[in-house]
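In: Sequence plus the predicted model coming up.
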Amino acid sequence: MDTDLRALTGDQQWYGPHSSSAAEWPVDALMLAKGKTKISVVLPARDEESTVGDIVSVIRRDLVERTPLVDEIVVVDSKSTDRTAERARAAGARVVKQDEVLPHLPALTGKGEALWKGLAASGGDLVVFVDADLRNFAAHYVSGLVGPLLVNSGTHFVKATYERPFTGADGVVHRGAGGRVTELVARPLLNLFWPELAGFAQPLGGEYAGRREVLERVPFVTEYGVEFGLLVDLLQLIGLDAMAQVDLGQRTHTHQSMAALGRMAGQIMLTAWSRLERQGRVLASEPPAHTLLQFGPEGADLVNVAVAERPPLASLVLEEDPA
């Protein structure tokens, strides 16, 4: 990764001392720092039968059986219609159905909902989130993310960074061309309104880890704005110096269609808007629209890009258990 950002001034000086690579966190050294800390890995998964089993198998083989760094692997089955749950369970994960976690609450949809339910269903002091569609997964994705948390008590949240190639329809791989919504929507928004977060190279990446006591104190947007919302909310809660990023190398995953990316962009923009309103930085006479008119080969389609939000899990627990 380019290190030119290390020369920046102001808040972006954060980049150097708070960035590392997975190779700097060898598993043997982490076992010495682990002590009694319990580590959970949570994978939100919807129709990922082709990849979820391999990911779970690697974690179980390398980080549970060979070296007991990870204490539990939880796959949240987000209403899959394929064999996702079966493959994950056979590989050694504990599988929970999204709607069966906290079933007394109204069911919601989206990736953020699965992440929030995974946080509720897991028990680790440190929680690692990993997307279930990765095609080049290795154990360092987990060990690299928990490294700063185990070694540095002042670090509370760690985000992954990586090089994201894009494979075109012709099979040609274009280095660094992945992350289209990141470059066209998320990065401009962060630089405009939360420049402290500009040093995060992959703000929308699905691999990150945090201390449970911190993750339970922030809300989770239920749709694809969840990663953007977490960064902004955690900045306000714990401050930039308590956040870090680790370079995991390269990330290869399933690419979404342009229409799906458009819907994702709309959800991220609404998430950003809600944070600006909450922080008192914008005042509007009426709320933004929650619909997106998209055009394709078969005509126009009006889709809903509204985002719901789950409250901080800690607040829910307090409401249910006043003692």
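Out: Perfect, thanks for sending it.
In: what comes into contact with stretch 269-288?
Out: Residues outside stretch 269-288 that contact it (Cβ atoms under 8 Å, 6 or more residues apart in numbering) are 185, 189, 193, 221, 225-226, 228-229, 232-233, 236, 290, 305-307, 309. Bear in mind the C-beta positions are built from the backbone N, C-alpha and C, glycine included.
In: That one - what's its average pLDDT?
Out: Here stretch 269-288 scores 95 as its mean pLDDT.
In: Report the buried residues of that stretch.
Out: Residues of stretch 269-288 classed as buried under the neighbour-count rule (16 or more other Cβ atoms under 10 Å) are M269, L270, T271, A272, W273, S274, R275, L276.
In: ok, the residues you listed vs G118, which is closest?
Out: Nearest to G118 among the buried residues of stretch 269-288: T271, at 19.2 Å, using Cβ to Cβ.
In: where does that closest one land in three-state SS?
Out: Three-state secondary structure (criterion: DSSP: H, G, I helix; E, B strand; the rest coil) places T271 in helix.
In: From G205, how far out is it?
Out: Look at T271 and G205: by Cβ to Cβ, to the nearest Å, they are 16 Å apart.
In: Then V130?
Out: Taking Cβ to Cβ as the measure, V130 and G205 are separated by 10 Å.
In: Contacts only, for E216.
Out: Contacts for E216 were tallied using Cβ under 8 Å, 6+ apart; they are L119, P312, L313, A314, V317.
In: Can you report how many residues neighbour the closest residue to the second one other than its chain neighbours?
Out: What it means is P312. Nearest residue to P312 in three dimensions, chain neighbours excluded: R217, at 5.0 Å (Cβ to Cβ, 6 or more residues apart in numbering). For R217, the number of neighbouring residues by other Cβ atoms under 10 Å comes to 16.
In: wait, doesn't R217 sit right on P311?
Out: No. Using Cβ atoms under 8 Å as the test, R217 is too far from P311 to be in contact (10.3 Å).
In: shared neighbours of the two, anything?
Out: With the criterion set as Cβ under 8 Å, 6+ apart, the contacts of R217 and P311 do not overlap.
In: How about stretch 63-83, which residues are buried there?
Out: Going through stretch 63-83 with 16+ other Cβ under 10 Å, the ones that come out buried are 63-64, 67, 69-78, 80, 83.
In: Only the buried subset of the contacts of E216, as a ChimeraX command please.
Out: Applying 16+ other Cβ under 10 Å to those leaves a buried subset, and the ChimeraX line that selects it is:
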select :119,312,313
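In: From the contacts of E216, pick the one nearest A198.
Out: Using Cβ to Cβ, P312 is the member of the contacts of E216 that lies nearest A198, at 25.7 Å.
In: Torsion angles phi and psi at that closest one?
Out: In this entry, P312 is assigned phi and psi values of phi -50, psi 130 (degrees, to the nearest 10).
In: can you tell me which residues contact it?
Out: Taking Cβ under 8 Å, 6+ apart as the criterion, P312 is in contact with E216, R217, V218, P219.
In: For the stretch 201-323 of the chain, which segments are assigned as strands?
Out: With strands called from DSSP state E, counting those that start in this stretch, the stretch 201-323 of the chain shows them at 208-211, 220-221, 243-250, 291-296, 299-304, 309-310.
In: Deepest in the core, which of those strands is it.
Out: Relative to the other members of the strands of the stretch 201-323 of the chain, strand 220-221 carries the highest mean neighbour count by mean count of other Cβ atoms under 10 Å, namely a mean of 28.
In: about what we covered before: name the member of the contacts of stretch 269-288 that has the highest neighbour count.
Out: Of all those, the highest neighbour tally under other Cβ under 10 Å goes to G225, namely 31 neighbours.
In: just to revisit the earlier point, relative to G112, which of the buried residues of stretch 269-288 is nearest.
Out: T271 (9.3 Å).
In: Can you tell me how far R66 is from V41?
Out: Counting by Cβ to Cβ - R66 and V41 are separated by 15 Å.
In: next one: V52
Out: Computed as Cβ to Cβ, the V52 to V41 distance reads 12 Å.
In: likewise L215?
Out: L215 sits 14 Å away from V41, going by Cβ to Cβ.
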